[in-house]
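**Q** fold the stuff below for me.
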Amino acid sequence: MPEKKENPGLDAGKALRGLKIAIGLSLLFSTLVILATFDEETFLKAISSLSPLIILEILILLMINFIAAGLEVKIMVKATGNNLALREGIKSYLVSSFASNVTPMASGGGPFQIYFLHKRGLSLGQATTVVLTKFVLRSFYFSFSSSFFLLFFNELISPGALPDRIFYFCIALGFLIAASIAAFCLSPDLINYLIKCLFRFEKVRNLVKRNYSLKRILVRGRKELRDFHHSMEVLAQHKKKVILAACCTFVYWSSLFLIVPVILKGLGYEPNFLQSYIMLTIFNLIIPYMPTPGASGMAELGFASIFVSFIPKGIIGLVTFLWRFVSFYLILIIGGLFTFRELGWKKRKDKENE
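**A** Okay, the predicted model is just below:
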């Protein structure tokens with residue numbers, strides 16, 4: 001009996017609503033940041049220094065970014081015993097990025113990528129393994145790199161305009177989540193142990209018995225946990241492919257983090273490559289857990305507040321907008337085209353016109 005197709009978890013209507021909210025909030029807060037920090041002399045100096053090479057360099061970085069993301073998916077698909085063309089790997093990255101950017105806390109990216117890969121011939125279990133592996137590699141990358149930078153390059157980390165307590169609390173929270181995921185990967189039975197410990201308390205047992213919704217969540221959580229354990233078993237059998245995928249993860253994030261220094265260089269300012277890389281690592285440790293679609297609003301305010309520590313205030317609004325345009329708007333445009341095609345938007349429009 002053929003396997004039932006997975007629900008994408010996203011329809012055209014929901015995607016459009018999320019897209020409008022994401023773009024609306026992003027443009028609103030980008031405008032507010034520009035108006036609050038605008039300095040005519042500094043702004044005009046930056047614009048007059050703008051080098052045409054910046055466009056070429058950013059396009060090269062984006063190309064590297066897309067290829068690294070596509071290769072990561074292709075390698076992990078190969079580990080499940082399937083084959084996927086590089087272009088399809090890139091498309092899977094673009095559609096999942098679009099879905100992440102139009103849903104709160106990036107909740108739609110994983111399910112939609114599972115749906116996409118399932119349509120390309122992977123079983124639901126295999127597609128889930130690929131997506132979970134990507135999530136695990138991201139967690140390992142950020143838990144390790146943020147720890148490394150905090151230990152050895154702490155002098156380059158600054159809260160900027162944010163209060164120290166808020167800044168370091170957010171870092172601690174982001175690190176705790178990433179490190180917890182990494183710990184669960186190294187010891188999958190740890191979650192089971194924690195659940196057993198909780199159920200030793202009578203109040204917890206009674207709460208679960210009385211609350212049907214909580215019981216459903218727990219049952220679903222156990223199922224997800226079994227899938228997670230299976231994914232870890234698959235990873236253990238393909239160490240070389242996991243290492244290759246991890247290298248792709250590093251290249252993916254590095255190419256993305258180099259965009260801000262390139263923008264600064266193009267505007268005629270010191271690029272601060274190392275500090276930009278470190279601060280973007282810390283920033284991206286926190287930003288995925290923001291509640292708005294694509295972290296819109298929070299991303300612009302957070303970026304401007306933190307990066308003003310080494311980017312001149314007069315151009316921080318411009319840099320914020322250019323950074324979001326390259327890393328957010330372009331993904332929405334390109335990923336949106338592929339996503340709506342996957343959702344049958346073209347076919348639906350054709351039927352309406354008949």
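
**Q** in the stretch 1-150 of the chain, which spans are helices?
**A** In the stretch 1-150 of the chain, the helices defined using DSSP state H, counting those that start in this stretch lie at 12-37, 40-48, 53-79, 86-101, 109-119, 124-152.

**Q** in stretch 80-94, what's buried?
**A** Across stretch 80-94, burial judged by 16 or more other CB atoms under 10 Å covers Thr80, Asn82, Leu84, Glu88, Gly89, Ile90, Lys91, Ser92, Tyr93, Leu94. Glycine gets a C-beta too; all of them are placed from N, C-alpha and C.

**Q** which one of those is nearest Gly18?
**A** Leu94 (15.8 Å; CB to CB).

**Q** which residues sit in contact with the closest one?
**A** Counting by CB atoms under 8 Å, 6 or more residues apart in numbering, Leu94 touches Phe66, Ile331, Ile334, Gly335, Phe338, Thr339.

**Q** distance of the nearest residue to it once chain neighbours are set aside from Ser96?
**A** Nearest non-adjacent residue to Leu94, counting by CB to CB, 6 or more residues apart in numbering: Gly335, 4.0 Å away. Gly335 is 8 Å from Ser96, where distance means CB to CB, to the nearest Å.

**Q** pLDDT score assigned to Leu218?
**A** At Leu218, the model reports a pLDDT of 68.

**Q** returning to what we had before: the contacts of Leu94, buried ones only, as a ChimeraX selection?
**A** Per 16+ other CB under 10 Å, the buried members of those correspond to this ChimeraX selection:
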select :66,331,334,335,338,339
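
**Q** how about the contacts made by Asn101?
**A** Counting by CB under 8 Å, 6+ apart, Asn101 has contacts Gly18, Ala22, Pro293, Gly294, Phe328, Ile331, Leu332, Gly335.

**Q** run the last query once more with 7 Å
**A** Ala22, Pro293, Gly294, Phe328, Ile331, Leu332 (CB atoms under 7 Å, 6 or more residues apart in numbering).

**Q** and if you look at Leu285?
**A** Leu285 neighbours (CB under 7 Å, 6+ apart): Phe142, Ser146, Ile171, Gly174, Phe175, Ala178.

**Q** how many neighbours does the fifth one have?
**A** What it means is Phe175. 18 (other CB atoms under 10 Å).

**Q** surely it and Ser145 touch.
**A** No - in this structure Phe175 lies outside contact range of Ser145 using CB atoms under 7 Å: 10.6 Å.

**Q** below-threshold pLDDT in the stretch 51-200 of the chain: ranges please.
**A** Along the stretch 51-200 of the chain, the model assigns pLDDT under 70 to residues 182, 184-192, 195, 199.

**Q** thinking again about what came up before, neighbour-wise, which one of the contacts of Leu285 leads?
**A** Result: Phe142 is most packed of the contacts of Leu285 (other CB under 10 Å), 25 neighbours.

**Q** gap between that one and Ser254?
**A** 13 Å.

**Q** cool, and Gln126?
**A** Distance from Gln126 to Ser254, by CB to CB: 28 Å.

**Q** these two: who's more crowded?
**A** More crowded of Gln126 and Ser254, by other CB under 10 Å: Gln126, with 22 against 16.

**Q** nearest spatial neighbour of the more buried one, skipping sequence neighbours?
**A** Counting by CB to CB, 6+ apart, the residue nearest Gln126 is Thr80, at 4.1 Å.

**Q** what of Ile171?
**A** Ile282 (6.1 Å).

**Q** next: Val73.
**A** Of all residues not flanking Val73 in the chain, Gly89 sits nearest, at 3.9 Å (CB to CB, 6+ apart).

**Q** I figured Ile90 hits Ile64, correct?
**A** No - taking contacts as CB under 7 Å, Ile90 lies outside contact range of Ile64: 11.7 Å.

**Q** picking up where we left off before, now do the contacts for the residue nearest to Leu94.
**A** Counting by CB under 7 Å, 6+ apart, Gly335 has contacts Leu94, Val95, Ser97, Phe98.
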